[in-house]
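In: using only what follows, build the 3D model:
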Amino acid sequence: MKRVAAFILGLATLGFALFGTLGAAVLVPFGMLVMGLQARRRGRTITRGQSWLAGVLPFGVIVTVGLMGGVVVGPWRGKYDDLQRSIIAADKRPHEPPPLMKELNRALNVPPPAPLGPSVETPLAAYSLLLVVQFWCLITGSVAWAGTSFLVYGLRGPRVAIPDPALEAFTRATER
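Out: You can find the predicted model right below:
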């Protein structure tokens with residue numbers, strides 16, 4: 001019963017991640033499969049942390065590079081210029097601070113901030129976009145990893161640990 005529930009939960013979770021990434025989350029189970037096959041060929045097993053890294057890291061790198069490539073040379077090439085123009089336009093309009101901030105600035109005798117200018121704001125905006133994309137990849141990749149892990153548990157059952165002679169020797173040496 002647990003395995004059936006895990007399988008259904010895994011399908012739902014992986015489906016949610018696939019929907020949220022427009023199908024790119026299929027890279028997560030693929031990365032986990034490649035790492036698992038390499039470990040099995042060597043007669044080893046992978047930990048959950050290694051499994052997470054094998055799934056989420058390639059997904060994050062490929063999606064980030066793909067989106068940034070799309071902004072620089074792909075179909076979204078002009079979006080970076082649009083971003084820069086909107087930053088310059090927003091910089092020309094005076095920003096009115098909230099009333100509480102005005103009172104604090106007046107009470108503490110703080111001068112209004114000087115505008116940064118497009119040479120600083122554009123790279124900051126691009127870097128912020130990059131961080132948002134990476135965070136999104138981390139979250140959705142983790143959801144896809146969890147869904148894949150539930151699917152694997154539902155199909156195969158609990159993990160079977162392959163003995164690791166080096167780890168066993170280290171454990172025996174430290175237990176003395």
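In: list the contacts for the one residue sitting closest to the centre of the chain?
Out: The chain has residue 138 as the residue nearest its centroid, 1.8 Å off, counting by CA atoms, centre = their mean. By CB atoms under 8 Å, 6 or more residues apart in numbering, the contact list for residue 138 reads 56, 60. (C-beta placed from N, C-alpha, C; glycine too.)
In: let's see 10 Å
Out: Applying CB atoms under 10 Å, 6 or more residues apart in numbering to residue 138 gives the contacts 56, 57, 59, 60.
In: give me the below-cutoff pLDDT ranges for this structure.
Out: 74-80, 90-95, 115-122, 160-164, 176 (pLDDT under 70).
In: top of the contacts of residue 138 by number of neighbours, please.
Out: residue 59 (27 neighbours; other CB atoms under 10 Å).
In: from residue 144, how far off is that residue?
Out: As judged by CB to CB, to the nearest Å, residue 59 and residue 144 stand 7 Å apart.
In: got any residues that touch both of these two?
Out: 17, 21, 24, 25, 26, 27, 28, 29, 31.
In: so how far is the helix or strand hosting the residue nearest to the centre of the chain off the chain centroid?
Out: Assigned by DSSP states H and E, residue 138 falls within helix 118-156. Offset of helix 118-156 from its chain centre (CA atoms, centre = their mean, to the nearest Å): 2 Å.
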